[in-house]
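Enquirer: Predicted coordinates and the sequence they were generated for:
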Amino acid sequence: MAVRGCLARVVGQHGGVSEGTSTLAKLLTAGDVVVLSGAGISTESGIPDYRGPSGASRRHSPMTYQAFIGDPAARRRYWARSYVGWRAMSRATPNSGHHAVARLQQRGLVTGIVTQNVDGLHQAGGARAVVELHGNLHHVVCLNCGDSSSREELDRRLTQVNPQFGAQATAVNPDGDVDLRDEEVDAFQVVGCRTCDGGVLKPDVVFFGETVPAERVRECFALVERARLLLVLGSSLTVLSGRRFVLRAAKLDIPVAIVNQGPTRGDTYATLTIDAPLGTVLPELVRLIGHGP
């Protein structure tokens, strides 16, 4: 495997970022860039990340696939928390980072976008053909019959059977749920699939412990393998699900650039790393390339 040390690691929000962003702009101008984004790109839309600066306040572990399919109480807990969190998730709007990525794609520099996020904000920000590695919270699937439906429809049904449910969100987690007291969870009623009369409904996302569909993984690898540059945005790369694409790029000697707040597990393989908010770096990057205001 071709392992390279960092040419530069730039930290800060002022002069250092301008220097690093200028270097990154030069790397991007030749095009054929594939973006791999993580939760850090959505923090400025009000959705915290898992491990970065905004993720420290989370008090419970994310739902696992094994718990969800095997424990009715765990499913009730998930849907109660997610029902409250959906209010914040559904109102979230794309930020300047999402818009900047879309603009780079529209200008032909970014040829592929792979996101680990489940919020749909890349598409809302104008991006197209986004590969959602871990799915999308806006969709729901039945584990019994495979029927797919919208989260908006499920939300209306949950509201109908929980008319007195008054729990309020203090802060939404990156996977769309919130922290609730046990007594609030116990009062919540879940609903089943309408198509097969009671099948278990699951958000169409990949839970921790669940396998990403193989075809989706192959699609992502194919994008990376055709890239001239892999640009990682807002991911600590702690989980192999995303880090494997950095490893593949390094193996093929494809340069990797990383913009993230804090170190990542991919820094060893990066040509350039910038430690700064994406909402600062990405609009400046677009401006430097000459395709933005």
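Expert: Perfect, thanks for sending it. As the structure is a computational prediction, the values presented were derived from the model and not from experiment. Residues are numbered from 1 along each chain as shown.

Enquirer: low-scoring stretches of the stretch 1-150 of the chain, by residue?
Expert: 1-17, 50-61 (pLDDT under 70).

Enquirer: Please enumerate the helices of it.
Expert: Counting by DSSP state H, counting those that start in this stretch, the stretch 1-150 of the chain has helices at residues 15-28, 65-70, 72-91, 96-106, 121-124.

Enquirer: Quick one: end-to-end distance for stretch 141-160.
Expert: One end of stretch 141-160 to the other measures 20 Å (C-alpha to C-alpha, to the nearest Å).

Enquirer: what residues does that stretch touch?
Expert: Applying C-beta atoms under 8 Å, 6 or more residues apart in numbering, the external contacts of stretch 141-160 come out as 69, 79, 83, 86, 90, 137-140, 189-191, 193-196, 198-204. For every residue, glycine as well, the C-beta is placed using N, CA and C.

Enquirer: Burial check on the residue nearest to Ala67 when sequence neighbours are not counted, number of neighbours?
Expert: Excluding the flanking residues, the one nearest Ala67 by C-beta to C-beta, 6 or more residues apart in numbering is Ala74, at 4.2 Å. Neighbour count for Ala74, taken as other C-beta atoms under 10 Å: 15.

Enquirer: ditto for Ala127
Expert: 23.

Enquirer: quick one on the thing from earlier: quick one: residues contacting the residue nearest to Ala67.
Expert: Taking C-beta under 8 Å, 6+ apart, we find Ala74 in contact with 63, 67-68.

Enquirer: Highest neighbour count among the residues you listed?
Expert: Met63 (24 neighbours).

Enquirer: Could you measure from it over to Trp79?
Expert: Separation of Met63 from Trp79 (C-beta to C-beta, to the nearest Å): 10 Å.

Enquirer: try Thr111
Expert: 38 Å.

Enquirer: Those two - which one has more neighbours?
Expert: Neighbours per residue, other C-beta under 10 Å: of Thr111 and Trp79, the larger number sits with Trp79, 25 against 17.

Enquirer: Chain neighbours aside, what residue packs nearest to the more buried one?
Expert: Nearest residue to Trp79, sequence neighbours excluded (C-beta to C-beta, 6+ apart): Val190, at 5.1 Å.

Enquirer: sorry, back to before: so for Asp177, which of the helices of the stretch 1-150 of the chain sits nearest?
Expert: Proximity to Asp177 (C-beta to C-beta) singles out helix 72-91 among these, at 3.7 Å.

Enquirer: what's the most buried one of the helices of the stretch 1-150 of the chain?
Expert: helix 96-106 (a mean of 23; mean count of other C-beta atoms under 10 Å).

Enquirer: Off-centre distance for that helix?
Expert: The gap between where helix 96-106 is centred and where its chain is centred comes out at 15 Å by C-alpha atoms, centre = their mean, to the nearest Å.

Enquirer: what's the angle between that helix and helix 15-28?
Expert: Inter-element angle recorded for helix 96-106 and helix 15-28: 20 degrees (by axes from the mean of the first three to the mean of the last three C-alpha atoms, to 10 degrees).

Enquirer: Contacts for helix 96-106 next, please.
Expert: Contacts of helix 96-106 with the rest of the structure, by C-beta under 8 Å, 6+ apart, involve 28, 33, 35, 37, 41-42, 44-45, 110-111, 113, 121-122, 124-128, 233-234, 278-279, 282-283, 285-286, 289, 291-292.

Enquirer: Can you flag the buried ones in those?
Expert: The neighbour count (16 or more other C-beta atoms under 10 Å) marks 28, 33, 35, 37, 41-42, 44-45, 110-111, 113, 121-122, 125, 127, 233-234, 278-279, 282-283, 285-286, 289, 292 as buried among those.
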